[in-house]
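**Q** A predicted structure for the sequence below; I have some questions about it.
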Amino acid sequence: MIKCRPSPIDLTTILLWLFLLPSLLPGNALAAPLTFRQAVELAAGHSVSAIASTDQERSHQAYVEAKSLYLPQMVAGSAIGYSAGLPLTLEGAAPSLFNATAQQSIFSPAQRSFVKSAHAEWQASTLAQSEIRRQMILDAAIAYVDLASINLQMQLLRQQHDSATRLVHIEIERVKETGRVGVDLSSGSSLMRAKLIEAQTRMRSAELDGSAVQVRKRLADLTGLPAQEIETVPDSIPPVPDEAAPNAAQEAADNDLRVRIAAEQFRVSVLHAQGEHKLLWPSVEAVGQYALLSTFNNYDQFYKRFERNNGTVGLVVRFGFLNRAQTARAREADADAVKAERRVGAIKSQVSGEVLQAQALVKQLTAARDMAQIEYALSRSDTEKLDVNAEIGKIALGEQITGRITTDQKFEELLDTTFELRKAQLQMLNAIGDLDRWILAQTPLSVAEQSMASGSVSESVPRVGPQSFQIRSLMVAPDVSVPPAGKSRQFFAAAIGSDGKGTDVTSIARWYSSNDSIAIVSTSGFVTALTSGQISITVSLSGVWESMQITVTEPEAEPE
């Protein structure tokens, strides 16, 4: 028997196919990371609901129907029937083998108003579809940011759980040791506290797991992607402006989609009311009819001359000024128009209030984020002191681990407040109508560039010196370009005037981080690195800005 050995080329080809085949199968496609922009663009394309599309199509066909009455309307059919005596009509026409009726509106002021009203209704349904799309984009943006924050918190909780488990083990060994030499009530309480901390981390981890599943499912519904294939990229989340223009509330009240929809509905009501009133005016229609009469309906017995082919052409003029019922319907339509007009004012007031509320919430959460940032920095400073004391033997290892867990909890609180701030900023952008422009911007800009280009951030700050002082440039210090994750550092800004002198503007300048998922900066220039990555910290004042590139490294390894 002759044995054939596959050639090296054959083996390479087989291995290549075995490697590529799983990725070529649709059900086993490897999930690529989903960027923030991809998520919102998918949500924008996937957001058109079946109900909204049906409403828009219905409004469009109602407009076509109203406009088509100016075209000839023809109905053809047959009215065959047996007649005894004088042939009576069947549904308004004489018994016939074939009949055709044509009708066309020639002069109808009411119908012209009804056509305009139907067109306005169509436009309102189109705006409503855009409003649904905008809301879906907002939901996708918030869900994406929420999922990225949850993933970071879950990584932190795993560290907390490891530390808590280690703390429990240390306290158990301590209880065993004290059991040999005597009873120490504090040892038992310390063990219970350690177990409590470990149980709290497990509970929090379970809560985050459940939240992650729900948020991932929500993002999957919005984007149309399978939930298991969604992997966020925190670096792709663009910076969010923290303030709106001073007149943002008034501009939103004039340009918000909900206001425009209400205004279009008011126009629909006004035009409809005009049409109801104009039904009392004269109208003219052209009418024509043809009928092929049968020979078995006794026509020849009652008419002197029987003609099988019959036709009628003429004009129908209607006067409805004595129609009391129509007058009541017109007044009813007037009341609906007044109601729609008042609704426009109410929605304007609501939108303006939402913008003011969103601005106040952003300011409040910005202060809360700054406070949480400082508390975390203080807690980390205390932890570093505990680490030093543990190295020289002043404190027990359990106290050191407890301090680290407390610091991690402060860090988690900082992440929570940061997410709430982002959420409020996104809602503010949505309220002022800048959400689409911000998310779907084609050219990536720094935060300061975005703010200056869009005019969304006011640079109204107090003067930094004499009235003749002109800012030539800004300087940022210290020059720390590679901090580790978890570290905080205070940065300072100095304004260089035309005379070459510098003035401290740290507290009045505006500070921005190009990516809050990597590092956040408070309103006073206090920077906290969250996770590894590259960002830029930008300071802006009176139209002048300066950026510093920072590379955040992996967090420092904890000593055993």
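**A** Thanks, I have it. Numbers count the residues shown, from 1 in each chain.

**Q** okay but Gln490 is in contact with Ser522, surely?
**A** No: here Gln490 does not reach Ser522: they are 9.2 Å apart, not a contact under C-beta atoms under 8 Å. In short, each C-beta sits where N, CA and C put it, glycine included.

**Q** Compare these two and say which is more crowded by neighbours.
**A** Set side by side, Gln490 and Ser522 show unequal neighbour counts under other C-beta atoms under 10 Å, the larger going to Ser522 at 21 against 13.

**Q** Now that one. Its backbone dihedrals?
**A** Here is the backbone geometry of Ser522 (degrees, to the nearest 10): phi -80, psi 180.

**Q** That one and Gln373 touch, don't they?
**A** Yes: using C-beta under 8 Å, Ser522 makes contact with Gln373 at a distance of 5.5 Å.

**Q** Leaving out chain neighbours, which residue sits closest to Glu341?
**A** Phe266 (5.2 Å; C-beta to C-beta, 6 or more residues apart in numbering).

**Q** Now the helix or strand harbouring the one you found: buried residues?
**A** Following DSSP states H and E, the helix or strand that holds Phe266 is helix 257-278. For helix 257-278, burial by neighbour count (16 or more other C-beta atoms under 10 Å) applies to 257-278.

**Q** The biggest helix by length in the chain - contacts with which helices or strands?
**A** Using DSSP state H, we find that the single longest helix of the chain is helix 109-181. Using 3 or more C-beta pairs under 8 Å, 6 or more residues apart in numbering; DSSP states H and E as the contact test, the elements touching helix 109-181 are helix 36-46, helix 50-68, helix 185-223, helix 257-278, strand 283-293, helix 397-432, helix 435-439.

**Q** Looking at the ones you listed, which is nearest to Ala360?
**A** Across these, Ala360 has its closest neighbour in helix 397-432 (9.6 Å, C-beta to C-beta).

**Q** pLDDT on that closest one, on average?
**A** Averaging pLDDT along helix 397-432 gives 86.

**Q** for stretch 265-278, same thing?
**A** 94.

**Q** Please export the C-alpha coordinates of that stretch as PDB.
**A** These are the backbone C-alpha positions of stretch 265-278, laid out as PDB (Å, rounded to 0.1, in the frame of the first residue of the first chain):
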ATOM      1  CA  GLN A 265     -49.200  71.600  15.400                       C
ATOM      2  CA  PHE A 266     -50.500  75.100  16.100                       C
ATOM      3  CA  ARG A 267     -50.200  75.900  12.400                       C
ATOM      4  CA  VAL A 268     -52.100  72.700  11.600                       C
ATOM      5  CA  SER A 269     -54.900  73.800  13.900                       C
ATOM      6  CA  VAL A 270     -55.000  77.300  12.500                       C
ATOM      7  CA  LEU A 271     -55.200  76.000   8.900                       C
ATOM      8  CA  HIS A 272     -57.800  73.400   9.800                       C
ATOM      9  CA  ALA A 273     -59.900  76.100  11.500                       C
ATOM     10  CA  GLN A 274     -59.600  78.300   8.400                       C
ATOM     11  CA  GLY A 275     -60.800  75.400   6.300                       C
ATOM     12  CA  GLU A 276     -63.800  74.800   8.500                       C
ATOM     13  CA  HIS A 277     -64.700  78.500   8.200                       C
ATOM     14  CA  LYS A 278     -64.300  78.400   4.400                       C
END
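
**Q** For Glu243, see how far away the spatially most central residue of the chain is.
**A** Most central in the chain under C-alpha atoms, centre = their mean is Leu138, positioned 0.8 Å from the mean C-alpha point. Taking C-beta to C-beta, to the nearest Å as the measure, Leu138 falls 19 Å from Glu243.

**Q** go on, Gly77?
**A** Gly77 sits 69 Å away from Glu243, taking C-beta to C-beta as the criterion.

**Q** more crowded one of those two?
**A** The neighbour count for Gly77 versus Glu243, taken as other C-beta under 10 Å, is higher for Glu243 (18 against 12).
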